[in-house]
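**Student:** sequence and computational prediction follow.
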Amino acid sequence: MRRAVAGVQKYYYPHGHSTQPSYLNVCLEFVPHSEFDLTVAGPGPSRGYLLVLTNGGLNQMRAGISDMVAVARMLKATLIIPELDKKSFWHDKSNFSDVFDEEYFIHSLANDVKVEKKLPKDLVKAPKFVRYFKSWSGIDYYHDEIYPLWEHRQVIRAAKSDSRLANNYLPPDIQKLRCRAFFQALRFAPPIEALGNLLVERMRSFGPYIALHLRYEKDMLAFSGCTHGLYWKVKDIDPLDQRSHGYCPLTPKEVGMFLSALGYPSSTPVYIAAGEIYGGESHVVDLLSRFPIMMNKEKLASAEELRPFRQYASQMAALDYIVSVESDVFIPSYSGNMARAVGGHRRFLGHRKTIIPDR
C-alpha cells in the first residue's frame, strides 16, 4: 500500500509540516483577463438569463453549479438559482435553498456574476433555447457556439450541468471563480451548517479523529459492478476483473486492515461518512473490532436532531461533508465526487492531511 496526499501522489506530509503550494493560488484572488471581455470589474451588463438543471448527487451538483457560475460569467448571463436534481437514484426533493444558503450564494458572487432567484415574469413563458452543453468544453466553445444564441433568445436552459467545462487551459480568473463558487459561495443552509458543526464538536470530544468516507453503499457497488449479485441493469461487468484492476472500493474489513497497517491505534476515533452500508452491521464487524470508537451522524445526533434532514439524501450527505472537511485526517475508500470534493476543499483551506489508499 502506498501513502499519498490527495492530488500530490507519492508524497505523505506529516501534520504541520507542509505549506500551501503556490499553484493553489489559481483558486484565490480574481485576476482580470482580456479574453471574452472579462476585464470589467464585476459582471457587467447582462445579455440574457441562464437556467440550469443540475444532475447527480450532492457533490456532482455542486461541481456542476460551480461550472455554470463560470459559464454565466463567460456568457455575460444572469444566472437563475439552479434547479437541483430530483429524479436520480436518490429521489431527493430538496430545493436549492434547502441545501445551500441562497442569499449568501447570491451576494458572495455579486462582484462576478449576477444571480437572481427567478426569471422575470414576462420571460417565464418566453421561448427558450434548451442546450446540452458539450462536455469538457473550453472558452472557445462557449464563445463561438453558445454566446451567439443571445441574438435570438433571452433565455438559455442548460439541460445538464456536470462536466460541461474543461478542467484545464481556461483563463485564470475563470478557474478562480469556479473555485470560489464551489468552496465559498456554495455554503450549506444554516440548519445544515449548525448541525454539521455540532457533529464536529461532538466528534472532537473523543479526540483528534479520522473521517472515513466508506463508499460501500448498494447503489455504488451495483454501478461499479464490484459485488456478486449486484449489477447495473445496463452493464455487464465482471466483479473479479474490476477488483483485479483496482476499480473497486475497499471493503470495511480491508479499510480496518489499512488503518492498522498505517499504525493508527485502536483508540483512534473514526467517523464513518457514508449512507447505508451494504450488508448492514455484519459487514463492519471487523472494522469495529479494530476501532471501537466508530461514529456516524446517527450515533452523534439524536433522532430529533436528524429528523428534518433524514428524508433528503443531499442534506444528509452535506452533514457528512462538513464533518469530513473538518477532520484531522480524511481517508476515502474509493475515488468519487465526495472524495474529490472533500480533498479539494481541504487543500483550498490550507494543507490538511488526506490519505488515499492505492487499491
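**Tutor:** Thanks, I have it. Numbering: from 1, shown residues only.
**Student:** for the helix or strand containing Asp320, packing partners?
**Tutor:** When elements are assigned from DSSP states H and E, Asp320 belongs to helix 313-325. Judged by 3 or more Cβ pairs under 8 Å, 6 or more residues apart in numbering; DSSP states H and E, helix 313-325 is in contact with helix 58-75, helix 96-99, helix 190-204, strand 210-213, strand 270-273, helix 297-300, helix 337-348. For every residue, glycine as well, the C-beta is placed using N, CA and C.
**Student:** dump the ones you listed to TSV, plus mean neighbour count, mean pLDDT and distance to Phe105.
**Tutor:** Listed next are the helices and strands packed on helix 313-325 as TSV, based on neighbours: other Cβ atoms under 10 Å; pLDDT from 0 to 100; distance: least, Cβ to Cβ, whole Å:
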stretch	mean neighbour count	mean pLDDT	distance to Phe105
helix 58-75	25	95	9
helix 96-99	19	97	8
helix 190-204	17	98	13
strand 210-213	26	96	25
strand 270-273	26	95	24
helix 297-300	17	96	24
helix 337-348	20	93	16
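**Student:** closest one to Lys176 among the ones you listed?
**Tutor:** Comparison of the helices and strands packed on helix 313-325 against Lys176 by Cβ to Cβ identifies helix 58-75 as nearest, at 9.3 Å.
**Student:** let me know the secondary structure of Val52.
**Tutor:** Assigned state for Val52: strand (three-state reduction, DSSP: H, G, I helix; E, B strand; the rest coil).
**Student:** could you pull out the helices in the stretch 51-200 of the chain for me?
**Tutor:** Along the stretch 51-200 of the chain, counting by DSSP state H, counting those that start in this stretch, helices occupy 58-75, 96-99, 102-108, 139-141, 172-180, 190-204.
**Student:** need the contact list for the residue nearest in space to the middle of the chain.
**Tutor:** In the chain, the C-alpha nearest the mean C-alpha coordinate belongs to Asn59, at 2.6 Å (Cα atoms, centre = their mean). For Asn59, the contacting residues are 317, 321, 337-338, 340-341, taking Cβ atoms under 8 Å, 6 or more residues apart in numbering as the criterion.
**Student:** circling back: and the helix holding Asp320, average pLDDT?
**Tutor:** Model confidence over helix 313-325, given as mean pLDDT, is 96.
**Student:** contacting residues around that helix?
**Tutor:** Residues external to helix 313-325 that are found in contact with it (Cβ under 8 Å, 6+ apart): 57-59, 61, 84, 90, 92, 94, 98-99, 188, 192-193, 195-197, 199-200, 203, 211, 213, 271, 273-275, 297, 306, 308-310, 330, 338, 341-342, 345-346, 349.
**Student:** what's around the closest residue in space to Phe188 that isn't next to it in sequence, how many residues?
**Tutor:** When the adjacent residues along the chain are set aside, Phe188 lies closest to Ala318, with 5.0 Å between them (Cβ to Cβ, 6 or more residues apart in numbering). Ala318 is surrounded by 24 other residues when neighbours are defined as other Cβ atoms under 10 Å.
**Student:** can you offset everything so residue one is 344?
**Tutor:** With the count now opening at 344, the last piece we talked about shows up as Ala661.
**Student:** distance of Ala661 from Ala644?
**Tutor:** Distance of Ala661 to Ala644, given as Cβ to Cβ, to the nearest Å: 13 Å.
**Student:** what about the residue nearest to Phe531, distance to Ile424?
**Tutor:** Counting by Cβ to Cβ - Ala661 and Ile424 are separated by 17 Å.
**Student:** Met638 too?
**Tutor:** Using Cβ to Cβ, Met638 is found at 34 Å from Ile424.
**Student:** cool, Leu542 as well?
**Tutor:** In this view, Leu542 and Ile424 are 27 Å apart by Cβ to Cβ.
**Student:** and Arg521, by the same measure?
**Tutor:** As for Arg521, its distance to Ile424 is 17 Å (criterion: Cβ to Cβ).
**Student:** quick one, which of those two is more surrounded?
**Tutor:** Just comparing Arg521 and Ile424: by other Cβ under 10 Å the higher neighbour count belongs to Arg521, 24 against 19.
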